[in-house]
Each structure stands twice: as C-alpha cells, then as structure tokens.
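Visitor: Below is the structure, and that's it, no one-letter string:
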Ligand code: ZN
C-alpha cells in the first residue's frame, strides 16, 4: 500500500507571560498563567510546554505548600553555595544560580486533557528564581487538537 495520509487538525498556540521576582531566591506558582493559556488556545487534547529563556531561574513541578517552597530554596542554597569560589564568579556573581538552573531545568511539559492541564492533585508549576529580583519571561506553547 502506498502512502496513507491522515489529516489531523493540530492547533499551535503560543504566548509570553512575564513575572517580576522580588528577592534573590523565590519560588513562584505560575500554574494559573499556564491554565489561562491552555484555555485561550482552544486545545482540548495535547501538550502544554512552559519554558523560561533564562540561565539563572528554573521551572519545576511540585507542591506549592509554603513550607516546601522554603525548603526548595534552602536546599538550593545549601547545594549551590552562593558566594563560593566557583569559577564563573570570577566574571559574574551568580554561579550558584546557573548551577541550580542546570539541576532544575528550564522547562516543563504537561499533558492537556479535556481542555485542562492534566496534573496531579498536588502538582503546581513553579518558577524558581535564584538570581532575583528580575523580570522573568515565560513562554507557553500549547499544541494539540
Ligand atoms: Zn552568570
């Protein structure tokens, strides 16, 4: 049988949000912004991708329980050691934030089902600032039918 083509109607929606962080380390729940984008996209089944075009903040999915958000900051401080004699600190003072970003990553992908983010009860999309205060861009892309 020669080439069978299946037509799939695929939507691609993209928007950019921005947040302003207010301290050097901060965990911000950005789930609401992503939910809004999914709603505007009209996609009912597909994928939402959240990306930060930065090298000193990260994206992770976890509980937005206030104690845990502080624990995330403490964990990152302890393990990335701000002010330690990292080589990058010879030209900048934020090696710890680059290292933290490498551990956390800069994006998250979430399934979209029934027009909504298909996440676990306690899951939230968290932007983790490690070199604030700064304005941070969040690029949200929603793909699907
Ligand atoms: Zn740097």
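Guide: That came in fine, so what should we check first? Since we're looking at a predicted model, the values are computed, not measured.
Visitor: State the helix or strand in which the spatially most central residue of the chain lies.
Guide: The centroid of the chain falls nearest to residue 59 when counting by CA atoms, centre = their mean (3.1 Å). Element membership of residue 59 [criterion: DSSP states H and E] is strand 57-62.
Visitor: List the contacts of residue 80.
Guide: Contact partners of residue 80, counting by CB atoms under 8 Å, 6 or more residues apart in numbering, are 95-97, 99-100, 103, 130. Using the backbone N, CA and C atoms, a C-beta is placed for each residue, glycine as well.
Visitor: picking up where we left off before, tell me which strands and helices the strand holding residue 59 is in contact with?
Guide: Using 3 or more CB pairs under 8 Å, 6 or more residues apart in numbering; DSSP states H and E, the elements in contact with strand 57-62 are helix 66-80, helix 95-104, strand 107-113, strand 124-129.
Visitor: now these as TSV including distance to the ion and mean pLDDT?
Guide: TSV is the format used below for the helices and strands packed on strand 57-62 (distance: least, CB to the ion, whole Å; pLDDT from 0 to 100):
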stretch	distance to the ion	mean pLDDT
helix 66-80	12	98
helix 95-104	6	98
strand 107-113	20	98
strand 124-129	14	98
